[in-house]
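[1] predicted model follows, preceded by the sequence.
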Amino acid sequence: MVAVSCIIGITVPQVAEKGPRFFETWKAENPSLYVAVNLLQLNRVYTSIWFLALTSIIAVSLSLTVWDQGAAALRTLRYRKRPVSPDGFKNFKELIVSGPIDLTRTVETVKAVLKAKGFRVSHEDINEPASLIFNKNSGGKLGGFILHTGFLCVVLAGLYSLACHQRGFIQLIGTDTFSGKNADWLTSDHGLLAKDFDLGFKVHLKRFVPDYWENDRVKSLKSELIIKDHKVEKNVILGVNSPVRHRGVTIYQSTHYGYTVTFVLTRPTGEPVVTHFSLDAPSWKDRPFVGKTDFPTADYVLDMKFHPNLKEPSFFLAFPGVDLTVTEKENVMFKGRVLFNQRAWIGDDALQFTGVHYWSGIAFVKNSGTSLIYFGFMIISFGAFLIYFLIPREIHIQIERQEDGAILKVGGRSRKYQALFADEFEKICQDIMAGSR
C-alpha cells in the first residue's frame, strides 16, 4: 500500500512540486476532478492522514520485529553446550593424540591456538571429558537487531517529520518584502500536527537573475535576498542547487519565475487601484508571458500577453509591451497593445501600464526530525557492517582421555561464508595437532 501511495505521489501533481498557476488552471478546466483529488489529499500524498496511518503501521510492525530480534539476539549471546558430533556440526573432526598427555597442558595449548585465531573462551570445563567452547565475532549476532533498530529509527523520525512538516510557497516580486506570516503564503502544505507556519523573520528580494543557454533552456536561477531578522539583516544568494538555512527553515529557489506587470486603474470617481499580475515564464523566448485574471474592485477580466522586448524575441527587459484584451461580462471593452507607461481607455476608466519586475518563486520548508533520520541511517550502516563483516563463529572442543593418548573432538559453526570457515577450521585443527605433540 505504501508502494502504491508512492506511485500516486509520482503520477499525481503534488503541491510541493507544481506552481500555484498549475492548480488554478486545473481547477478551472476540471473542477470536479480537482475537488476529488484535493479532498482525498492525493495532491499532498506524503503529508496526508492516510499516508501517515500507513507509515504508523510500518512503525508498529518494525517495533515488533525489533523486539523479537532483540530477544533472539540475547538468547544467542549465551553459550549453548551441545554434543560434539557430526550430527551437531557441519564442520567436524576427530584429532587423535598418541601417548600419555597432560590434560591441563593440552587445554592451555588449545586455548593458545584459538586465541591466536581471534577466538575467546566462553565456556571451560576441565572435568573429564574436558569441554571448551570458543566464540569469535559474537557482536555480529546483534547485527540484525541493530539493523532493524536503525530502520525503526528512520521510520519513526520520518513519521514525526511528515506529521510536523511545514512548507510555504511565495511569488516574491523584485524589491518587495515578504512578511513571513502564515496568512501571506500563496500556497502552503503542512503535516497533521503542524501549526501555523510563521517564519519569525522577513525576506526581501533585492534582485533576481535568470541565465539561459543558447537553446533557450534555463542555465541558472539566482535570487539575491535580504533576510531581516529583528534588527539584523543578512544578504544571501539563493540558487536552485544552493538552498539557504536560517533559524531551522530551509529556503529553496524554485524553478517557477516570470515577470510581474503592474497596472493602475483610475476611474472618474474613486482612488486609483494598483494591482500586480504575475505571469509565468514561457519555455521559448519567442513566446510571450501570458496570463488571464480579473481586476480587483472591478468587473474587468484582463487577458495579457507580455513581451519583454517588442523589437526582437528575448527573455530580458528592453522595450516592454502588453497585448491586452479587457472584457466585462464577456463583452470586449478594449483590445490592443499597451506600451510601458501608456494608458488604455475603457470607457471613462483609464488603465495604465506602470511597472515591470521579475518575480521569483521561493519555497520555505521546515522539517523536524531530520537529524534523527541521519542517525537512523548511521545505525543501519553499523548493523549492516556487523552482519556482513563480523560473522559469528563457534568452535566446540571435547577432550576425552584414552589409555594410549586422547581424542579431541572438534566441531565448528559459522553463519556465513562456509567455504572460508572450512579453510580456517582445517588450519585450526592442524595447529592444535602440532601443539599437542
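    In hand now; what should we look at? Numbers count the residues shown, from 1 in each chain.
[2] how about the nearest residue to Trp345, chain neighbours excluded?
    Leaving out its chain neighbours, the residue that sits closest to Trp345 by Cβ to Cβ, 6 or more residues apart in numbering is Phe334, at 7.3 Å. C-beta coordinates here come from the backbone N, C-alpha and C atoms, glycine included.
[3] give the residue spans of this structure that score low on pLDDT.
    Scanning the chain for pLDDT under 70 picks out 437.
[4] domain map for it?
    For the chain, whose domains are defined here by automatic domain parsing, the residue ranges read 79-137+391-436, 257-359.
[5] show the contacting residues for the residue nearest to Trp345.
    324-326, 344-346, 351 (Cβ atoms under 8 Å, 6 or more residues apart in numbering).
[6] rerun that using 10 Å as the cut-off
    Taking Cβ atoms under 10 Å, 6 or more residues apart in numbering as the contact definition, Phe334 lies against 300, 302, 324-328, 344-347, 349, 351.
[7] likewise for Ile8?
    By Cβ under 10 Å, 6+ apart, the contact list for Ile8 reads 14, 37, 40, 42-43, 45, 48, 51.
[8] so which elements touch the one helix or strand Lys409 maps to?
    Following DSSP states H and E, the helix or strand that holds Lys409 is strand 405-414. Under the contact definition 3 or more Cβ pairs under 10 Å, 6 or more residues apart in numbering; DSSP states H and E, strand 405-414 sits against strand 91-98, helix 103-116, strand 130-136, strand 393-402, helix 418-436.
[9] check which element follows the shortest one along the chain.
    By that I understand strand 130-136. The helix or strand immediately downstream of strand 130-136 is helix 143-164, counting by DSSP H and E.
[10] sheet-wise, list the partners of the helix or strand following that following helix with their directions.
    Reading on from helix 143-164 to the C-terminus, the next helix or strand found by DSSP H and E is strand 166-173. With DSSP bridges as the test, strand 166-173 is paired with strand 187-190 (antiparallel), strand 349-366 (antiparallel).
[11] redo those as TSV? Include mean neighbour count and distance to Ala157.
    Rendered in TSV, the data for the strands paired with strand 166-173 read as follows (neighbours: other Cβ atoms under 10 Å; distance: least, Cβ to Cβ, whole Å):
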stretch	mean neighbour count	distance to Ala157
strand 187-190	19	18
strand 349-366	20	15
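[12] of all those, which lies closest to Leu172?
    Among the strands paired with strand 166-173, strand 349-366 comes nearest to Leu172, with 5.4 Å by Cβ to Cβ.
[13] ok, and for the following helix or strand past the closest one, which residues are buried?
    Sequence order places helix 370-389 as the next helix or strand after strand 349-366, per DSSP H and E. Using 16 or more other Cβ atoms under 10 Å as the test for burial, helix 370-389 gives 373, 376, 379-380, 382-383, 386-387.
[14] nearest residue to Lys111 in space, please, no chain neighbours.
    Excluding the flanking residues, the one nearest Lys111 by Cβ to Cβ, 6+ apart is Val121, at 6.2 Å.
[15] neighbours of the one you found, how many?
    Number of residues near Val121 (other Cβ atoms under 10 Å) recorded here: 15.
[16] beta partners for it?
    Here Val121 shows beta-bridge partners Phe134, assigned using DSSP bridges.
[17] quick one: it and Val113 touch, right?
    No - look at Val121 against Val113 with Cβ atoms under 10 Å: they stay out of range, at 11.9 Å.
[18] overlap of the contact sets of those two?
    Residues touching both Val121 and Val113 (Cβ under 10 Å, 6+ apart) are Phe134.
[19] can you select the buried ones from the contacts of Phe334 in PyMOL?
    Per 16+ other Cβ under 10 Å, the buried members of the contacts of Phe334 correspond to this PyMOL selection:
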select buried, resi 300+302+324+325+326+327+344+346+349+351
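[20] any idea which of the contacts of Phe334 is closest to Gly412?
    Looking across the contacts of Phe334 and measuring by Cβ to Cβ, the closest to Gly412 is Leu302, at 84.2 Å.
[21] next one: phi and psi at that closest one?
    Phi and psi for Leu302, reported as degrees, to the nearest 10, are phi -100, psi 120.
[22] residues in contact with it?
    Each residue near Leu302 by Cβ under 10 Å, 6+ apart is listed here: 261, 263, 265, 275, 277, 291-295, 322, 324-327, 334, 344, 351.
[23] relative to Ile126, how far out is it?
    98 Å (Cβ to Cβ, to the nearest Å).
[24] you'd agree Lys18 is up against Asp280?
    No - counting by Cβ under 10 Å, Lys18 sits too far from Asp280 to count as a contact (11.3 Å).
[25] what do those two both touch?
    Common contacts of Lys18 and Asp280 (Cβ under 10 Å, 6+ apart): His256.
[26] between the two, which one's more packed in?
    Asp280 (19 against 15).
[27] got a list of what that one touches?
    Applying Cβ under 10 Å, 6+ apart, one finds that Asp280 lies in contact with 19-22, 171, 256-259, 289-291, 359, 361.
[28] the nearest residue to Ala281 once chain neighbours are set aside sits in which helix or strand?
    Setting aside the residues directly before and after it, Ala281 is nearest to Gly258 in space (Cβ to Cβ, 6+ apart), at 4.3 Å. Assigned by DSSP H and E, Gly258 belongs to strand 249-266.
[29] between strand 249-266 and whichever helix or strand comes after that strand, find me the angle.
    Next along the chain after strand 249-266, taking DSSP H and E as the criterion, comes strand 273-280. Counting by axes from the mean of the first three to the mean of the last three Cα atoms, to 10 degrees, strand 273-280 lies at 130 degrees to strand 249-266.
[30] buried set for the helix ranked longest in the chain?
    Criterion DSSP state H: the longest helix present in the chain is helix 49-77. Using 16+ other Cβ under 10 Å as the test for burial, helix 49-77 gives 51-52, 55, 58, 62, 65-66, 69-70.
[31] which one of those residues is nearest Ser98?
    Gln69 (47.4 Å).
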